Structure formats: structure tokens, C-alpha cells
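A.B. asks: mind looking at a prediction? Sequence and model below.
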Amino acid sequence: MKQVRDLSGELPVGAIEGLQPLAVLVIAALRGWNRGGAGAALVALRARMSEGQAAAAMAAMCDLAGILGTARRRPLACHAPQCPCVGADEAAFARFVQEAALGEREDALLLASLMVDGPAIVCLTRAAQRFGLQLHRATLRDTAALTVVAPAGTTLH
């Protein structure tokens with residue numbers, strides 16, 4: 001006999017402040033899409049990226065959302081846009097996009113299998129890779145902009 005468990009996708013599993021920048025961007029876009037569609041997701045991306053980066057990421061996200069819309073096992077649950085918590089579905093989706101973007105194909109395919117039916121796994125992973133790479137480029141630029149190179153001979157304490 002199975003025990004009845006309430007394991008909703010909204011169950012908090014972490015905090016935004018502890019995530020890597022790529023995962024934060026993925027969750028912001030997902031929450032925007034969940035609350036207000038493509039327009040809200042684009043606003044969330046524009047707040048953290050340049051206009052060109054946001055447009056490129058949005059094109060990839062539309063492909064990703066299109067596949068999820070037709071082949072998903074169930075809707076992904078999201079917290080409110082400003083919520084400091086990370087839900088289970090959000091964490092899994094962010095991890096999926098991150099693995100796809102950073103070249104961990106087998107892990108990404110495994111995570112995709114939790115979200116969509118079999119025939120859509122590869123297509124979803126490819127779309128996630130394109131989406132994640134756009135976000136990853138933006139986070140790399142932000143990190144590079146924050147890095148300060150000290151002149152030679154400077155002592156840092």
C-alpha cells in the first residue's frame with residue numbers, strides 16, 4: 001500500500017540568494033512566463049540583460065515553452081516573481097537548463113524525461129541548451145564587468 005504524500009511542485013526547496021546567476025535568470029524567466037506569458041518573461045529578462053541578449057534568450061524560451069506546452073507531463077508550479085523561495089519545479093527546471101547549457105547532455109536528457117513525454121525529450125533539451133547559453137553569456141559578461149584587475153605591484157589586503 002502506497003502512502004499518500006503531498007509533494008507539490010511548489011514545495012520550497014531553497015532560496016534565490018543561494019543560487020548561481022544562471023539559475024536565478026532561468027527562474028525569473030520561468031516565473032514571468034508562468035504569471036504573464038512571453039511579455040512578462042521578456043520584462044524579467046530585460047531587467048537583468050541587455051535588449052539584444054533578452055531578445056535572443058526570449059526566442060529560445062519561446063521554443064522551450066512551445067515544447068513544454070504540448071508535451072509536458074504536468075504544468076510546472078512557480079512561486080510569485082519576488083518570492084525569495086525556490087520551489088521544487090523551479091529548482092528542477094533551472095538545473096535542467098543549466099545542465100543543457102553547460103554541455104552535460106546526459107544529465108539534461110534525464111531531467112527532461114521528468115518533464116515531458118519520451119518523443120519530446122531531445123527537442124526540449126536542445127531548446128533548453130539554446131536558452132541556457134544565452135543566459136550564461138549574459139552572466140559571464142556581468143561577472144567580467146565586476147572583475148577588477150589591479151595594476152602590477154599593487155598589494156591587496
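C.D. replies: Structure received. Numbering: from 1, shown residues only.
A.B. asks: just to check, D63 is in contact with Q129?
C.D. replies: No. Using C-beta atoms under 8 Å, D63 makes no contact with Q129, being 10.6 Å away. C-beta coordinates here come from the backbone N, C-alpha and C atoms, glycine included.
A.B. asks: those two: who's more crowded?
C.D. replies: A direct count of neighbours by other C-beta atoms under 10 Å for D63 and Q129 places Q129 higher, at 21 against 16.
A.B. asks: contacts only, for the more buried one.
C.D. replies: Shown in contact with Q129 (C-beta atoms under 8 Å, 6 or more residues apart in numbering): 100-101, 108.
A.B. asks: buried sites along the lowest-mean-pLDDT helix or strand in the chain?
C.D. replies: Counting by mean pLDDT, DSSP states H and E, the weakest-scoring helix or strand in the chain turns out to be helix 121-146, with a mean of 86. Within helix 121-146, the residues that count as buried by 16 or more other C-beta atoms under 10 Å are 121, 123-139.
A.B. asks: roughly how far is it from the heart of the chain?
C.D. replies: 9 Å (C-alpha atoms, centre = their mean, to the nearest Å).
A.B. asks: what does stretch 15-31 give?
C.D. replies: 6 Å.
A.B. asks: buried ones in it?
C.D. replies: So for stretch 15-31, counting by 16+ other C-beta under 10 Å, buried means 16, 19, 22-31.
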